[in-house]
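Novice: sequence? don't have it. structure:
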C-alpha cells in the first residue's frame, strides 16, 4: 500500500471521529437481553459515549441510554472490549446538561464566585495526651 493511500485512510478516520470530552458520569443502559443496569460513562462526544458496565455487550446491539439531564435515547453498540463499550446515539448529547444535572452551577469565566470568611470554632480542640511536652506524674488529663 502506498504512503499516500495510508495517509488518506488516516485522514478519513480522523475526520469521521468526533472530539471526545473526558467525563465520569453514572448512567444506565437498558436492553432486551440484559434488562436495565448501571454503567459508568468515561468519555462523551456529540453523538456517542464510551464507558464500562457490569455486562459484556454485543456489537450492533440496540440499547436505551439513560443519562442525567437527558431524555432516554436509543443507541447502537459500536465497539466492545471486555466490559468496556462505545455507543453511537441516535440523538445529540449536550455535555453542559450533564454538568447542570449533577448540581454543579455553571459559572461563566467572567462571573464572580461568592465566598465567605468563616470564623474558627469557639470550642477547644485540646485532647489529653496530645501535648508536645512530657507528661508529669499525677497530672495526666489535666490542662496545664
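Specialist: The structure has been received and is ready for your questions. Source: prediction; values computed, not measured.

Novice: CA only for contacts and neighbour counts going forward, please
Specialist: Fine.

Novice: for this structure, which segments count as strands?
Specialist: Assigned by DSSP state E, the chain shows strands spanning 21-31, 35-45, 48-52, 62-66, 73-81, 84-89.

Novice: so which of those strands gets nearest residue 128?
Specialist: Between residue 128 and those, the shortest separation by C-alpha to C-alpha is 43.9 Å, and it involves strand 21-31.

Novice: packing partners for that closest one?
Specialist: Strand 21-31 sits against strand 35-45, strand 62-66, with contacts defined as 3 or more C-alpha pairs under 8 Å, 6 or more residues apart in numbering; DSSP states H and E.

Novice: who does the first one touch, helix- and strand-wise?
Specialist: Pointing back at strand 35-45 there. Secondary-structure packing of strand 35-45 (3+ C-alpha pairs under 8 Å, 6+ apart): strand 21-31, strand 48-52.

Novice: related to what we said a few turns ago, least confident of the strands of the chain, on average?
Specialist: Here the lowest mean pLDDT among those goes to strand 21-31, at a mean of 84.

Novice: and residue 56, how far from residue 21?
Specialist: Relative to residue 21, residue 56 is positioned 23 Å away (C-alpha to C-alpha, to the nearest Å).

Novice: now do residue 65
Specialist: Separation of residue 65 from residue 21 (C-alpha to C-alpha): 18 Å.

Novice: which of these two has more residues huddled nearby?
Specialist: Neighbour tally, residue 65 and residue 21, criterion other C-alpha atoms under 10 Å: the higher count belongs to residue 65, 22 against 13.

Novice: grab the nearest non-local neighbour of that one.
Specialist: Distance criterion C-alpha to C-alpha, 6 or more residues apart in numbering; nearest residue to residue 65, sequence neighbours excluded, is residue 29 at 4.8 Å.

Novice: so what sits opposite that neighbour in the bridge?
Specialist: Judged by DSSP bridges, the bridge partners of residue 29 are residue 37, residue 65.

Novice: dump the helices and strands packed on strand 35-45 into CSV; add distance to residue 97 as well.
Specialist: Conversion of the helices and strands packed on strand 35-45 to CSV gives the following (distance: least, C-alpha to C-alpha, whole Å):
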stretch, distance to residue 97
strand 21-31, 12
strand 48-52, 15
